[in-house]
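In: What would the 3D arrangement of this be:
(4 chains)
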Amino acid sequence: MSVAVRAAVALAVTTGRLRLPHIDYLSILPVMVMVGGGVVILVWSSLLRRPLDVAWVSSLTVLTATAALVLSLFQWDSVLTSGAHTHIDGAVVMDGASVLIGVLVSSAVLLTAMVGDSFLKREGVEGPELHVLLLVSGAGAMIMGSANDLIVIFLGLEILSIALYVLAAFDARRAKSGEAGLKYFVLGGFSSAIFVYGIALVYGATGTTNLPEIAAYLARNVLLHDGLLLAGLGLLLVGFGFKVALVPFHLWTPDVYEGSPTPVTGFMAAVAKAGGFIAFLRVFASSFHLLAPDWRPPIWVLACVTLLLGAVVALWQQDVKRMLAYSSINHAGFVLLGLQAATSRGVSAALYYLFVYSVMVIGTFAVVTVVGGRGDRRHGLEAYRGLAARQPLLAGALTVLLLAQAGVPFTTGFVAKLEVIRAAASAGSTDLAVVAMGSAAIAAFFYLRVVLLCYQPARPVEGTSAPEAPQALGGPTLALADLGAEPSSSLPGSVALAAPVPEGLGAGQAGTLAAVAVAEAEAPTVAAGGAEDETDPLPAGAVTTIVLSVLFTVLFGIWVEPVASFAAHATLLVRP
Amino acid sequence: MGALLGVTRVDFAVFWVCAVIVVAGGVGVVLSRQPVYAALSLVLTMFGIAVLFVAQDANFLAAVQVIVYAGAIVVLFLFVIMFLGVDRREDLRVEPLRSQRVLAPVLVAMALAVVLLLGATAHWAVGAPEVVGPARGQPGGDVAALGRAVFTDYLWPFEITAGLLIIAVVGAVVLARRPPRPEPDDTPEQPEELTQPAGILPPSPESREESEPSEEEVVS
Amino acid sequence: MSVPGSWYLALSAVLFAMGALGVLVRRNVLIMFMCVELMLNAANLAFVTFARMLDDIGGEVLVFFVLVVAAAEVVVGLGIVVAIYRRRRSVVADDLRAMRG
Amino acid sequence: MSQPVFPFLTTLVFLPVGGAVAAMAAPRLVQPAHRRPVAILVGALAMTATLAVALAMAVEFRVGDSGYQFVSAHEWIPALGISWQLGVDGISLFLVLMAAVLFPLALLGARESERAPSYVAWLLLLEAACLGSFVALDLVLFFLFFEITLVPAYFVIAGWGTGRRAAAATKFFLYTFLGSAFLLVGIVAVAVIHDQQTGRFTFDLLALEHTRLGLSTQVLLFLAFTAAFAVKAPIFPFHTWSPDAYGSSPTGGAVALAAVMAKLGTYGVIRFDLTLFPRAVVDAAPVLLSLGVAGILYGAIVAAVQRDLKRILAYSSLAHIGFIVLGLFALSTEAVTGGVLQMVNHGLVTAALFLLVGWVWERRGTVDAGRLRGLQRSAPVLAGFFTLAMMASIGLPGLNSFVGEFLVLSGTFLTHRWWAVVATFGVVLAAVYLLWAFQRAFHHRPTPETSQTKDLRWGEIAVMVPLAGLIVFLGVYPKPVLDRITPSVEALVHQVDQATGRHQPAVANGGVAAVTAAGRRTPAAASTAGVPVVTAAALGPARAGGPLDLALPPFPEQRRLP
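Out: Alright, predicted model coming up:
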């Protein structure tokens, strides 16, 4: 990247005609670090004769993500001291929202990388691709977060989405994974095309794709014929609707969530949603703020159906990943509440929601990853029966995370729901707030169903053997073959990873948290190992993620100020 | 009639000819039963659009359009079609999602009508020139203008396309990689694979190619 | 007088609608991809037309980016198709019955 | 605040929590053989200390003050308007006392032998959560305690219960939690509306009661709140979890569940529904009264055909809760006072009955009334206590329930005559099914197994004596209790009247004017009122203290008939 820039500089110097934009590197450094880290890992592993060890790849990824996280915090400092500003000829904006997305995405990559490590070790997959794709798609989300131009949003969206198509199809051994990738790709490409056509129409109507310039144009001119602009806006809305899975455009979500490898699903739910929504917020709440009377009613309708359908359909899902997919649709409805308010308070509430949701959803899917077992297949509700007896730590974490998703007080989930509802109510959308609260009450049912299942005693012997019979009969030879191929890969691996993870986290508090995590991880490993021979020992990477997300969810649910004030300051969207 | 449509002038004639080509190509893509025909129709559309680009003084883009689309993308499509041997016909009449098939054209037609109506009545109100960036028609032709824009106003988007290309390469590598082990056990979920031993253990490409025709016969 | 921009835009809209129709109606994944390409091309045509109407090079630059995106998408999309085809001998979307939307 | 410095309420909440930690930790220091006694000892000590604090608080409690006392208010999460706000008034005082009395008795009366440390710890946590619910004045804080009660209750049923305990515990948890989901929604909605009106976002009950709510909003919110309370209590159509849960609980759990936790629901109605949504309460009163009456009759009829003593008690509980509901929604001072008193009475009586039945189960392994024949012969002391508690449950004059039921019925008669008339049949039916069950289990010639049954041990008698003493005491001399309950209730009913423009019949409206002159419901007002409160309150209790000489009132001038 910088090579090209330098070449351009050289060209400018020789010709003297090219006026290069000034580049403030701090504003794009997190993105560069993420992409650069990915490229380094890729190059390194391709130079080696044997595949690079997964532990190395994950450690490097964690390191890269941490670096990006720290850089984002530096950006935060800069924003607080000198306010929001744009860079590189107005293509990049550095404001509270973009910093928040930077922090969100780098933490999401960090957390997912550790889950991915456990996943790859368990499945016996080698190679750095999963982590590289995580890094680059994370960079795409960051680009979206800091985009100040429709075309940059589009490119960031594509970087994010194309990487996610590949990640969804990553698990070559499960047919569902490939289908998930394909389905995601077809509908993603379709929505991208719609989105780009929307950009074209907006460009035609306003003469620019730069967000503040669009806003300035709308502020200065009264459009007598705004049909073109509204058509473009509608197409943008549909495009965003696909990306963040709003209800009429959500059809891909359950299948893709179910089929994708579980750690990827968590990442998708967190980052794709966050990236999509930040651009959504920026375009609608900032650039087209003046058109709010035009776009608020359709978004009201979308929010209504999204909230209700997401909550209701989730009730009769038998697969936990599908259930969480519908729950994510419901959550998207809540975020939409903040957007529909079209106030800075609403934007702040939506950003806060995205932030805490991404942490808890990654933690939830980390638990699902562990419970899914080798082959990533045990996702039926029955797999959760008696989890508390088998793995108390896991069940406890799942309880906390699901209750947080349900919005129980003293978790971040409650604060998030409360904030969006307050924002909606203060913006006059009281009816929508009522719908949202009703949907939250409905949604509590299905979260609770899983939680209770965890605490039910396992079925008596004849009962338990029935659902697991296919595995027991169909897979003994395969299981033996697996053991033969890699003698006891999982247990030493988990111990080995315990060392690099705390290093990667670096900063003081995070280090102690990770230490706690590892310590907690070891204890049940010993306990659970002897009790039930079919249960795998808890993988350290996933457990670290789970513990971190639980701690975050509970700690900042009680000690609300830090994250809430972060989000409250994160509304400095650049306005004309 | 001819005067009304403006065919008396060359550029009008070019537009109409290209429009017919483009639409015909589009119809071919949407309706043809064999992917090969669809791909060839796609080429037709691409060419038509390239000519329309030329007609609007975007010469460089026209060249890129032909090179990238016709030269790379469609060829890739054709390559995959040939590689997979999926030139078997799709029966358009058998439609499991009937509601969707009925609904989709209606919706699309409505959307189209709305857009065209907008065009007819609202005169495609376009943005004021005050906002626009560097004008076209600068010294050095549109190549130079494009180059200048890419390195000044659009520097950041241009740079991040690098990320896009990295993704494409890594993605292709990941997807092309052979599964590390034979699929463990999706078999209980997909009984149809039980009848296809070849599907569980991917053989070498040669044996795969050989086994294909027989399977096609079985399917059809 | 040259051809009015609105004619081009109408053509682009028609093309876009045909592409969307194709994606919704066809079941063959490859053809669905091609229909997405049609939609992207419609957008390109609109960009170029607007660039001419506004006398702004920006519109043409955007076409450039859309081309890159289209290329990257096709590579990955066809990669997924090939990967799936290795497991299954069908690329008709409805044959993918393991999951129902 | 001129309140005593000692933070009684915070101590009340945290003492059992500390006890729970100690009960888990202390047994680890001793040999395995001694763990159980140590755990029970630690638990009993903690509960006794809690009881001592509660008693001290009751002694300090200023009679005649209708507002909240011993308020401890601290900022907790200012960003969300959540505060640590505790307070007690005449309504909650005796519920706190009842809980503090019953928990140690439940622990000592039913000592579980398996995994005693965790059992004791769960019970202590349950006590903390129940006490917290009774004293919380912040809605989110209340919700927190209200929900936390579920966790220990779930684990106590699932871990130490009998029969299909897992299914029963799950059913109990699901039902109550689902009700609570609506409660949470309602709480948030009230706070948001208050925020819109005043710009201050808070969950403080004292602030929220001044929120202006439209009638339809009130009704919706009332339904949301009442859904949770109705399931918890349980009020008639929402009771389906309770027979299973009570039947499958261990004895201590059943006491906690039926005697204390059930009151959380009725307490929630009086504390939150009546305070926040007076108009909706008045409008919905006929419906709720009907549900109460239906519960009385249904519980009585179903209890009559049960053979399992525990299930009989479960359904009889349903009937008694029906009486409480009747009292609360009749909205006359008489009836509401009776309802509050009846909450306490029902707690004491039910606890005694469940303990006795639990002891029978311990001795015989069955509580099937048909198989127990002739228990009286072999266990006369047990039978004696059972007779007393049963008579109290029936409502025999001179025992505690009579006072409560009489107040409820007479108070209801003033405002909702026909409901009172129908409910009176419930009293008769209660006599029928309880006497019938008693006859089947205790009379007749003893079977061979029955004649082996041992009578109560001294320890068990020691547990029963305080309960029996309270039952008799409250039946004979309820004045001290009514003195403290009535001012708060009068003020509350007056508040409802003011908000709705309704007037309760004059005869039930005794000293209300005097009390309100002294100021009401804000601790600040109450404390500034100081001495005058006592004189004002002297009027009310003097009349309400002697319910027996209440003649039937003249025909009320304004009444709410269907």
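In: switch to C-alpha atoms for all contacts and neighbour counts from now on
Out: Fine.
In: Now D:Ala79: closest residue in space that isn't a chain neighbour?
Out: Nearest non-adjacent residue to D:Ala79, counting by CA to CA, 6 or more residues apart in numbering or on different chains: A:Glu561, 6.5 Å away.
In: Mind telling me what element the closest residue to A:Leu315 other than its chain neighbours is part of?
Out: Spatially, and ignoring its direct neighbours in sequence, A:Leu315 is nearest to A:Phe446 (5.4 Å; CA to CA, 6+ apart). In the assignment (DSSP states H and E), A:Phe446 maps to helix A:430-455.
In: A:Leu307 and A:Ala436 touch, don't they?
Out: Yes: the pair A:Leu307 / A:Ala436 is scored as a contact, 6.3 Å apart, by CA atoms under 8 Å.
In: who has more neighbours, the two?
Out: A:Leu307 (33 against 28; other CA atoms under 10 Å in any protein chain shown).
In: picking up where we left off before, any idea how many residues pack against the residue nearest to A:Leu315?
Out: So A:Phe446, with other CA under 10 Å, has 23 neighbours.
In: can you check A:Ser72 too?
Out: 26.
In: Which positions in the helix holding A:Phe446 come out as buried?
Out: Residues of helix A:430-455 classed as buried by neighbour count (16 or more other CA atoms under 10 Å in any protein chain shown): A:430, A:432-448, A:450-455.
In: same deal with stretch D:58-73?
Out: Quick answer for stretch D:58-73 (16+ other CA under 10 Å): D:58, D:61-72.
In: got any ranges where chain C has weak pLDDT?
Out: The model of chain C has pLDDT under 70 over residues C:1, C:88-101.
In: what residues does it put near chain A?
Out: Neighbours of chain A within chain C, by CA under 8 Å from any CA of the partner chain: C:20, C:23, C:29, C:32-33, C:36, C:39-40, C:42-43, C:46-47, C:50-51, C:54, C:58-59, C:62, C:65, C:69, C:72-73, C:76-77, C:80-81, C:83-84, C:87, C:96, C:98-101.
In: Quick check: the gap between the residue of chain A found nearest chain C and C:Gly19.
Out: Residue nearest to chain C within chain A (CA to the nearest CA): A:Tyr197, separated by 4.9 Å. From A:Tyr197 across to C:Gly19, the span is 12 Å (CA to CA, to the nearest Å).
In: Give me the common contacts of those two.
Out: C:Met39 (CA atoms under 8 Å, 6 or more residues apart in numbering or on different chains).
In: from chain A, which residue is nearest to chain D?
Out: A:Ala441 (5.1 Å).
In: That residue against D:Ala181, yeah?
Out: Yes: at 5.1 Å, A:Ala441 counts as touching D:Ala181 under the criterion of CA under 8 Å.
In: Could you report the neighbour count for the nearest residue to A:Ala570 once chain neighbours are set aside?
Out: In space, A:Ala570 comes closest to A:Gly96 once its chain neighbours are excluded; the distance is 3.7 Å by CA to CA, 6+ apart. A:Gly96: 28 surrounding residues under other CA under 10 Å.
In: Ok, A:Pro293 next?
Out: 10.
In: secondary structure element for it?
Out: Assigned by DSSP H and E, A:Pro293 falls in helix A:292-314.
In: which is the next helix or strand following that helix?
Out: According to DSSP H and E, the helix or strand after helix A:292-314 is helix A:320-341.
In: Just the buried residues of that next one, please?
Out: Under 16+ other CA under 10 Å, the buried positions of helix A:320-341 are A:320-341.
In: Can you tell me which helices and strands the top strand by length along chain D packs against?
Out: Secondary structure of chain D per DSSP state E: the longest strand is strand D:69-77. Counting contacts by 3 or more CA pairs under 8 Å, 6 or more residues apart in numbering or on different chains; DSSP states H and E, strand D:69-77 packs against helix D:8-25, strand D:82-88.
In: Okay, now the sheet partners of it, with direction.
Out: Strand pairing for strand D:69-77, using DSSP bridges, gives strand D:82-88 (antiparallel).
In: could you dump the strand it pairs with to CSV, C-alpha only?
Out: C-alpha atoms of strand D:82-88 as CSV (Å, rounded to 0.1, in the frame of the first residue of the first chain):
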residue,chain,number,x,y,z
ILE,D,82,-30.7,2.8,39.5
SER,D,83,-30.2,3.4,43.2
TRP,D,84,-29.8,1.3,46.3
GLN,D,85,-33.0,2.4,47.9
LEU,D,86,-34.5,0.5,50.7
GLY,D,87,-37.3,1.3,53.1
VAL,D,88,-40.0,-0.3,55.1
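In: Now find how far off-centre the helix holding A:Pro293 is within its chain.
Out: 21 Å (CA atoms, centre = their mean, to the nearest Å).
In: Put together TSV for the buried residues of stretch D:58-73, with pLDDT on each row.
Out: Formatted as TSV, the buried residues of stretch D:58-73 follow (pLDDT from 0 to 100):
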residue	pLDDT
D:Ala58	86
D:Phe61	84
D:Arg62	83
D:Val63	82
D:Gly64	77
D:Asp65	79
D:Ser66	79
D:Gly67	80
D:Tyr68	84
D:Gln69	82
D:Phe70	84
D:Val71	82
D:Ser72	83
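In: Among those, which one lies nearest to D:His443?
Out: D:Ala58 (41.7 Å; CA to CA).
In: Which phi and psi values does that closest one adopt?
Out: The phi/psi pair for D:Ala58 (degrees, to the nearest 10) reads phi -60, psi -40.
In: for the one 3 residues further on, same thing?
Out: The phi and psi values for D:Phe61, taken as degrees, to the nearest 10, are phi -60, psi 130.
In: How about it, nearest residue that isn't a chain neighbour?
Out: D:Gln69 (7.3 Å).
In: same thing with C:Val63?
Out: According to CA to CA, 6+ apart, the nearest residue to C:Val63 is C:Asn44 (5.3 Å).
In: Could you pull out the helices in chain C for me?
Out: C:5-25, C:29-54, C:58-87 (DSSP state H).
In: got the angle between the first one and helix C:29-54?
Out: Going by axes from the mean of the first three to the mean of the last three CA atoms, to 10 degrees, helix C:5-25 is angled at 160 degrees with respect to helix C:29-54.
In: Is chain B within reach of helix C:5-25?
Out: Yes: residues of helix C:5-25 are located near chain B by CA under 8 Å from any CA, namely C:6, C:9-11, C:13-15, C:17-22, C:24-25.
In: Show me what that helix is packed up against.
Out: Helix C:5-25 packs on helix B:10-31, helix B:98-122, helix C:29-54, going by 3+ CA pairs under 8 Å, 6+ apart.
In: For D:Ile471, which of these is the nearest?
Out: helix B:98-122 (71.2 Å).
In: average pLDDT for the closest one?
Out: Helix B:98-122 shows a mean pLDDT of 67.
In: Point me to the helix or strand that includes the nearest residue to D:Leu221 once chain neighbours are set aside.
Out: Nearest residue to D:Leu221, sequence neighbours excluded (CA to CA, 6+ apart): D:Gly186, at 5.4 Å. Assigned by DSSP H and E, D:Gly186 falls within helix D:165-198.
In: Report the inter-axis angle for that helix versus helix A:430-455.
Out: Using the same axes, to 10 degrees: helix D:165-198 against helix A:430-455 is 160 degrees.
In: Buried residues, helix D:165-198. List them.
Out: Per 16+ other CA under 10 Å, helix D:165-198 contains these buried residues: D:165-196.
In: residues in contact with residue 73?
Out: Defaulting to chain A. Neighbours of A:Leu73 in contact, by CA under 8 Å, 6+ apart: A:99, A:103.
In: my bad, the chain I had in mind was chain D
Out: D:83-86.
In: what does A:Leu551 give?
Out: Applying CA under 8 Å, 6+ apart, no residues contact A:Leu551.
In: cool, D:Ile301 as well?
Out: Contacts of D:Ile301 by CA under 8 Å, 6+ apart are D:429, D:433.
In: still on that earlier bit, please indicate which of the residues of chain C next to chain A are buried?
Out: Buried among the residues of chain C next to chain A by 16+ other CA under 10 Å: C:20, C:23, C:29, C:32-33, C:36, C:39-40, C:42-43, C:46-47, C:50-51, C:54, C:58-59, C:62, C:65, C:69, C:72-73, C:76-77, C:80-81, C:83-84, C:87, C:96.
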